[in-house]
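Asks: Fold the following and give me the result.
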Amino acid sequence: MMTDGNSSETRFNIQQVQETAINALCGLGLHHEDAIDVADILVAADLLGIRTHGIKRIISYGERVAVKGINPRPQISLEQLAPTIARLNGDNAMGPLIGQKALKSSLEMAGHYGLGATFVNGSNHFGPVMPYAFRAAEQGFASFICSNATTTIAPTGGKAARFGNNPLGFGIPAPDGNHVMLDIALSTVARARIRDARDKGESIPESWATDANGRPTTNPNEALEGLLQPVGGHKGYGLALIVDLLSGLLSNAAYLTHVKAWDKQPDQPQNLGHFFLVIDTRGLGSADWLTQRMHDFSDILHSTPAANPDHPVMLPGERELRNHRQQMRDGLLYDDALYASIRRLAEGG
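Replies: Numbering: from 1, shown residues only. Now for the predicted structure:
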């Protein structure tokens, strides 16, 4: 453990963080093996720099477990529909646990047949897409992963929420570890960033959200009662619709307004849906072939003259991979109050 100059934050090595997260999740009632899977995704999010979706989520997950909104001891079931298609029922488990099971299912099918798709129902918030894409890429698999979410976005032409801020992401592996990974949600910003602004007493840009009457607002409290602004206008609406069809309707999960809001109905199962599609790139060519093409691809983009020399062109996921490498080496820095609350769960307090 290392204490930085700022006495309100402490740096921990990765093994310490993983052990604390696993023990905290066991304290919430999870089996040890399941806690390992959940902690793996949450710690990976922190390592990649996606701090809104890291181990701090254990607190909100625990609040829902306490009111029986999440099942800590699920009976997750997998139905094989075809050699390359499966449907997984998560039995209202923690989302990252279900996400891990769906990823493993898809990887196993793709390992045998070249590609694998798993449709998921009975789930909850499963964290960011990038940790799953990273795990797949590290094994040589390309991926497309998406999920539906609680309604926060109106369809184009409407003023009532019908779609969630549905996340989607892609991962393209590079044998040298410089994977390309895109992880986006379909609003201008994630709702978690608005909650962070509220917690810090900060205002937000007008382009982020509207109030309950559909008017742009800089007040995060009004924004949280209103609607998120979709990215790209009608294009974002169209993408949110497709994600909900894949992860909600086709997965036999809840969709559109059938999805329960975890913050307003924490004791109710959300029945979120996810969709995992992975492709074994080893069937497309050798590692040397893929390395050469990925290097050439990235070199072309990196050589693009920068409009601002202080901000050169980067590939999606490049910043997050740098975060991962640095924090694997130096450890993770956490707010003392946050880490203490997770440690109390780990100690049964």
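Asks: Just the CA coordinates for the helix or strand hosting D46, please, in PDB.
Replies: Here D46 sits within helix 32-47, counting by DSSP states H and E. Once non-C-alpha atoms are left out, helix 32-47 reads as follows in PDB (Å, rounded to 0.1, in the frame of the first residue of the first chain):
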ATOM      1  CA  HIS A  32     -16.400 -17.100  -4.200                       C
ATOM      2  CA  GLU A  33     -16.100 -18.200  -7.900                       C
ATOM      3  CA  ASP A  34     -18.800 -15.800  -8.900                       C
ATOM      4  CA  ALA A  35     -17.200 -13.000  -6.900                       C
ATOM      5  CA  ILE A  36     -14.000 -13.600  -8.800                       C
ATOM      6  CA  ASP A  37     -15.800 -13.100 -12.200                       C
ATOM      7  CA  VAL A  38     -17.500  -9.900 -11.000                       C
ATOM      8  CA  ALA A  39     -14.400  -8.400  -9.500                       C
ATOM      9  CA  ASP A  40     -12.400  -9.200 -12.700                       C
ATOM     10  CA  ILE A  41     -14.700  -6.900 -14.700                       C
ATOM     11  CA  LEU A  42     -14.900  -4.100 -12.100                       C
ATOM     12  CA  VAL A  43     -11.100  -4.000 -11.500                       C
ATOM     13  CA  ALA A  44     -10.500  -4.200 -15.300                       C
ATOM     14  CA  ALA A  45     -12.700  -1.100 -15.700                       C
ATOM     15  CA  ASP A  46     -10.600   0.800 -13.100                       C
ATOM     16  CA  LEU A  47      -7.400  -0.300 -14.800                       C
END
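Asks: List the contacts of it.
Replies: 14, 17-18, 21-23, 25-26, 30, 51, 53-55, 57-58, 74, 93-94, 96-97, 99-101, 126-128, 130-132, 134-135, 323-324, 327-328, 332 (C-beta atoms under 8 Å, 6 or more residues apart in numbering). The C-beta positions use only the backbone N, C-alpha and C, and glycine is treated the same way.
Asks: Buried only: go through those residues for me.
Replies: 14, 17-18, 21-23, 25-26, 30, 51, 53-55, 57-58, 74, 93-94, 96-97, 99-101, 126-128, 130-132, 134-135, 323-324, 327, 332 (16 or more other C-beta atoms under 10 Å).
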